[in-house]
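A.B. asks: quick one: sequence and predicted model below, then my questions.
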Amino acid sequence: MTRTSVSAPYLPERIGRLFEIATNLFWSWDRDARALFRTLDRSLWHRTRHNPLEQLRRVTPERLADCARDPHFLKLYDGVTATLDRNATSADTWYAREYADIATRPVAYFCAEFGLHNSVPIYSGGLGVLAGDHCKAASDLGVPLVGVGLLYTKGYFDQRVRLDGWQEGSDEPFDPLTAPLEQLYGPKREPFLTVVRTSGRPVHVGAWLMRVGRVPIYLLDTNLEANHPEDRELSSRLYAGGPELRLRQEWALGVSGVRVLRAMGLDPGVWHANEGHAAFMMVERLREQITAGASFEQALAQVRATTVFTTHTPVPAGHDMFSEDLVAQCAGPVWEEMGISREAFMHLGYHPVRDHGQFHMAVLSIRCAAKVNGVAKRHGEESRRLWRDLWPDRPSAKVPIGYVTNGVHQPTWMSHRIQALLDMHLGAEWHWRMDEPEFWQQALSLDDQVLWYVHTELKAILLSFIREQARRRWAEEWKEAAHVVGAGTLLAPEALTIGFARRFATYKRASLLFRDFERLRKILVNPWRPVQIIFSGKAHPADDPGKKVLQEIYEFSRDPRLEGRVAFLEDYDLHLAHRLVQGVDLWVNLPRPPLEACGTSGMKAALNLVPQLSTLDGWWHEGYDGLNGWAISPTDEEMEADAADAADSEQLYRLLEEEIVPAYFDRDADGVPLRWTQKMKHALHAAGARFTSRRMVQQYARQYYVPALRGETSGDDAPTA
Ligand SMILES: *Cc1c(COP(=O)(O)O)cnc(C)c1O
């Protein structure tokens, strides 16, 4: 396998490895590497939205020459190159110490999207960001993870909201050459690594390598000249097109993903499908075993024992399924190669009770994975109930589906100002003691005045970021002042600032806050204790009810009766998410239980000392401890949706009026809200101790990866229906 060597632009020899640093995404969470690029050219750092490759393309030779002579810059540079060298091996990592016997056997991790950094827009939301955080934590811990995904050259859509509030997608195709990606070639320098058959045609599949610290992610690409025009589109856009395109995309991801790993000479000992989109990798592995001589039963037992499947939604419509005819068209006649009948093949994706004639990706995954998990305690229970038809002779409590609660990557999400605060208060020690939950007790003794000061700074950064965005749009295209107000220019630093940012799916109930308009208005426009709300988020391009909710919120943000205290920010992405979770005072989440599988943005906020108010769903069901925020207690789940909304909004308003607003505005002589800072410290305590991706990946390793790698996972407990 030969690789292109990345061509470095002109760089002074003393800092000749800058390009190498910029092409490994570890810079995105390494504090010194970020400081290095910030120092290289502060204005370019901001203007490129933190994209070092773009920076290196645009920085002047004079500036580079200055840096190569600047002792402060060189000290940072030498530290960062040392980290890069340390990352070349996994020696002295948590995993290498704990599991020396199997420390180098790869763990394959398949996902349809990866959200690592803004400069690689191949994610749409929660699932992708979670996968990105998983890979980053695996790198930190030395877990030998190898990621597999698709390179969407047209990215995910950029959101533009029309003047009437209706969301439209605007497409800016993204150029892989501006992203830290390296194209891989076959042994004869051909631009593909494997060929798969789908819909009766051969499809050539190439791959790009994205380095995430110690973790390589292989992104598959079918946009090659050798392919039929329709097949070139297979990897063009995330979650786009109808079922047929979607199915063929998933076939390409699963089947060619396995083959590309083989072509790279990798032999994973365990295979993790993060959500059902990647489940065809199990079929490909069955096929491999059978063509090598195993019986179907032996192959299935072997694949089950080495597969982990994580399900991410309790909403039945969120699970992919395709008609059997479509599957036959796309995948046929793979069953002949597998030595089984078409019926036996289709049975792999057959739901015993619902949706006959459909092939379920989640059912396929559950049949082929001995380890299946949900993403929060509550979601584990919900998943056991949802899938118990596959084990008709068991009560749902005995269904073999567990849970690993999601977590977020602390070095990515925690503001460097808060990291510096912890350095000061806890000493450098916290970097190696953060796996001890008791250690986080110390967050409770942070100095109130100091942390309040740091928080106030972060809030000011958010508000000035919002004004700058609005200024640009105002100059470029808006004609009416109402849009300038709606984009948040009247937001005030002294107001209690609520953040609500996530996908606009109806079950997330963004409009619950407005259910009683007059009551909310009174809370917001109070001149002595003002409150303001910042909304952001995209609706799925095919979700019109979600777009309606978004439009409603957009209109409220321009409603003069609310005096500029509601803002809607366009184009929610990783960059904006960082600003928001670090800069608001309170994070709000209002899913209708039990539909939120986990939710992770509240964890990101908590790592930045921002408490959460949420319904007791997803992670908050286990994360709320009475001290780290506020909770809306569950209503009867059998209740009609409208009655439940009424009851939940009543609690929401009461909490705001009687507890939250008073706590925020009750200040000591120095202007510090001591009741509030108490909540802030407890938020950090709970999130640091229990909701980081370090804890999550350690749990996956202990519970699932290591037993499978050691051959200790039994394929028993298979579905019986
Ligand atoms: C964290 C994150 C999400 C997921 O947030 P939820 O609270 O799980 O809905 C979505 N989009 C972006 C950009 C994120 O950073």
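C.D. replies: Happy to help now that I have it. Numbering: from 1, shown residues only.

A.B. asks: doesn't residue 308 belong to a strand?
C.D. replies: Yes. Under DSSP: H, G, I helix; E, B strand; the rest coil, residue 308 sits within a strand.

A.B. asks: show the contacting residues for the residue nearest to the spatial centre of the chain.
C.D. replies: Central residue of the chain (Cα atoms, centre = their mean): residue 129, 1.3 Å from the mean position. By Cβ atoms under 8 Å, 6 or more residues apart in numbering, the contact set of residue 129 is 115, 123, 574, 577, 600. C-beta here means a position set from N, CA and C on the backbone, and glycine is covered the same way.

A.B. asks: which of those come close to the ligand?
C.D. replies: Counting by Cβ under 6 Å from any ligand atom, 574, 577, 600 from these sit close to the ligand.

A.B. asks: highest neighbour count among these?
C.D. replies: Most neighbours among those, by other Cβ atoms under 10 Å: residue 600, with 25 neighbours.

A.B. asks: what distance separates the longest strand belonging to the chain from the centre of its chain?
C.D. replies: In the chain, taking DSSP state E as the definition, the longest strand is strand 201-212. For strand 201-212, the separation from the chain centroid amounts to 22 Å (computed by Cα atoms, centre = their mean, to the nearest Å).

A.B. asks: nearest to the ligand: which residue in the stretch 301-450 of the chain?
C.D. replies: For the stretch 301-450 of the chain and the ligand, the shortest gap (Cβ to the nearest ligand atom) falls at residue 408, measuring 7.1 Å.

A.B. asks: could you find the closest non-adjacent residue to that residue?
C.D. replies: In space, residue 408 comes closest to residue 603 once its chain neighbours are excluded; the distance is 4.6 Å by Cβ to Cβ, 6 or more residues apart in numbering.

A.B. asks: okay, now whatever residue of the stretch 1-150 of the chain ends up closest to the ligand: neighbour count?
C.D. replies: Residue nearest to the ligand within the stretch 1-150 of the chain: residue 126 (3.3 Å; Cβ to the nearest ligand atom). Residue 126 sits with 22 neighbouring residues when counted by other Cβ under 10 Å.

A.B. asks: what residues are up against it?
C.D. replies: Contact partners of residue 126, counting by Cβ under 8 Å, 6+ apart, are 312, 502-503, 599-601.

A.B. asks: any chance of those in TSV, plus secondary structure?
C.D. replies: What follows is these, written out as TSV (three-state DSSP):
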residue	secondary structure
312	coil
502	coil
503	coil
599	coil
600	coil
601	helix
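
A.B. asks: could those go into TSV alongside pLDDT?
C.D. replies: Shown next, in TSV, are the contacts of residue 126 (pLDDT from 0 to 100):
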residue	pLDDT
312	96
502	95
503	92
599	96
600	98
601	98
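
A.B. asks: looking at these, which is nearest residue 201?
C.D. replies: Closest approach to residue 201 among these (Cβ to Cβ): residue 312, at 31.6 Å.

A.B. asks: tell me the contacts of that closest one?
C.D. replies: Contacts for residue 312 (Cβ under 8 Å, 6+ apart) come out as 126-127, 274-275, 318, 375, 597-598.

A.B. asks: the same query, at a cut-off of 6 Å, please.
C.D. replies: Residue 312 makes contacts with 127, 275, 375, 597, as judged by Cβ atoms under 6 Å, 6 or more residues apart in numbering.

A.B. asks: nearest residue to the closest residue to the ligand within the stretch 401-550 of the chain in space, please, no chain neighbours.
C.D. replies: As assessed by Cβ to the nearest ligand atom, the ligand sits closest to residue 502 within the stretch 401-550 of the chain, at 3.5 Å. Leaving aside its chain neighbours, residue 502 sits nearest to residue 537 (5.2 Å; criterion: Cβ to Cβ, 6+ apart).

A.B. asks: now swap in residue 547 and tell me
C.D. replies: residue 539 is the one closest to residue 547 (Cβ to Cβ, 6+ apart), at 4.4 Å.

A.B. asks: what about residue 618, distance to residue 339?
C.D. replies: For residue 618, the distance to residue 339 equals 43 Å [Cβ to Cβ, to the nearest Å].

A.B. asks: so which of the two has more stuff around it?
C.D. replies: Taking other Cβ under 10 Å, residue 618 and residue 339 do not tie; residue 618 has more neighbours (28 against 14).

A.B. asks: tell me the pLDDT at the residue nearest to residue 44 when sequence neighbours are not counted?
C.D. replies: Spatial nearest neighbour of residue 44, excluding adjacent residues (Cβ to Cβ, 6+ apart): residue 55 at 4.8 Å. Looking at residue 55, its pLDDT is 94.

A.B. asks: my guess is residue 296 contacts residue 344. True?
C.D. replies: No. Taking contacts as Cβ atoms under 6 Å, residue 296 lies outside contact range of residue 344: 7.3 Å.

A.B. asks: what ranges in the stretch 551-700 of the chain fall below the confidence cut-off?
C.D. replies: Across the stretch 551-700 of the chain, nothing is flagged by pLDDT under 70.

A.B. asks: neighbours of the residue in the stretch 601-721 of the chain that the ligand sits nearest to, how many?
C.D. replies: Going by Cβ to the nearest ligand atom, the ligand is nearest to residue 601 of the stretch 601-721 of the chain, at 3.2 Å. Counted with other Cβ under 10 Å, the neighbours of residue 601 add up to 23.
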